[in-house]
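# sequence unknown, structure follows:
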């Protein structure tokens, strides 16, 4: 089969006025080949699909994968008992894109409506002027609009002020707030640092109640314009 370069060379020589015999002589081709490619372009090379020994077992593997069996070695042993003659490598290649699917499913963004929810974080940012420095952040989940305020205390009074400042900055109050803040916020002048997930925060009923009350007070003060 003639490559594209050869086809282009035939077209060039033909445009230059050379005869079929002369083109065949220069390109070391048969005259029939030259005539053929003067009339048609070379076809693209079609690679034959590779046949894998694991192909007959793909449906079974997918069914087992959907039932929670995600270990390639275990799947390999199972299809071996069903007559699979190949190696573990092919099984790993089959399940590799399925693992990517799982990761993509795990990171699907949770969508909320405008004004429905905000997410709050309050973490430790090292020291400033010999005192601890904290960063309070409130993010609107729908628009990703962000409010940040740095403080040198991490207590209920400071939390209340930060919430009011954030609500004023946004020009309103969201229906709910997702908390991912330090447990230190539940006790006045506590010096614990770092941040925890909302699940860990909710382990303490008292802490959850204090946080909820603080948000409610901040929202009321903001709407009333008292703070």
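Nice, thanks for sending it over. Bear in mind the structure is a predicted one, so any value in this text is a computation, not a measurement.
# and residue 55, how far is that from residue 31?
To residue 31, residue 55 is 45 Å away according to C-beta to C-beta, to the nearest Å. The C-beta positions use only the backbone N, C-alpha and C, and glycine is treated the same way.
# Find the nearest non-adjacent residue to residue 169, please.
residue 147 (4.8 Å; C-beta to C-beta, 6 or more residues apart in numbering).
# Where does the one you found sit: helix, strand or coil?
Here residue 147 is recorded as strand under DSSP: H, G, I helix; E, B strand; the rest coil.
# show me where this protein has strands.
Here the chain has its strands, by DSSP state E, at 117-128, 131-140, 146-151, 176-181.
# In a markdown table, list those along with mean pLDDT.
Output for these, formatted as a markdown table (pLDDT from 0 to 100):
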| stretch | mean pLDDT |
| --- | --- |
| strand 117-128 | 84 |
| strand 131-140 | 89 |
| strand 146-151 | 92 |
| strand 176-181 | 71 |
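# Go through these and name the closest to residue 60.
Closest to residue 60 of those is strand 176-181 (C-beta to C-beta; 41.9 Å).
# Wait, the residue nearest to residue 169 touches residue 137, no?
Yes - in this structure, residue 147 is within contact of residue 137 by C-beta atoms under 8 Å, at 7.0 Å.
# Pull the contacting residues for residue 54.
61, 79, 84, 86, 90, 91, 94 (C-beta atoms under 8 Å, 6 or more residues apart in numbering).
# Could you identify which of these has the most neighbours?
Neighbour counts for the contacts of residue 54 (other C-beta atoms under 10 Å) peak at residue 91, which has 24 neighbours.
# so what's it closest to, chain neighbours aside?
residue 76 (4.6 Å).
# and if you look at residue 57?
Once flanking residues are discounted, residue 57 sits nearest to residue 79: 4.5 Å by C-beta to C-beta, 6+ apart.
# Retrieve the pLDDT associated with that neighbour.
Looking at residue 79, its pLDDT reads 95.
# Below-threshold pLDDT in the chain: ranges please.
The model of the chain has pLDDT under 70 over residues 1-4, 41-47, 104-110, 180-215, 217-227.
# go with 90
Within the chain, the segments meeting pLDDT under 90 span 1-18, 20, 22-51, 66-68, 99-133, 135, 140-144, 152-164, 167-168, 170-227.
# would TSV of the strands of the chain with mean neighbour count be doable?
Output for the strands of the chain, formatted as TSV (neighbours: other C-beta atoms under 10 Å):
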stretch	mean neighbour count
strand 117-128	16
strand 131-140	18
strand 146-151	15
strand 176-181	19
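# Same list (these) but as TSV, adding distance to residue 10.
Formatted as TSV, the strands of the chain follow (distance: least, C-beta to C-beta, whole Å):
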stretch	distance to residue 10
strand 117-128	66
strand 131-140	65
strand 146-151	64
strand 176-181	69
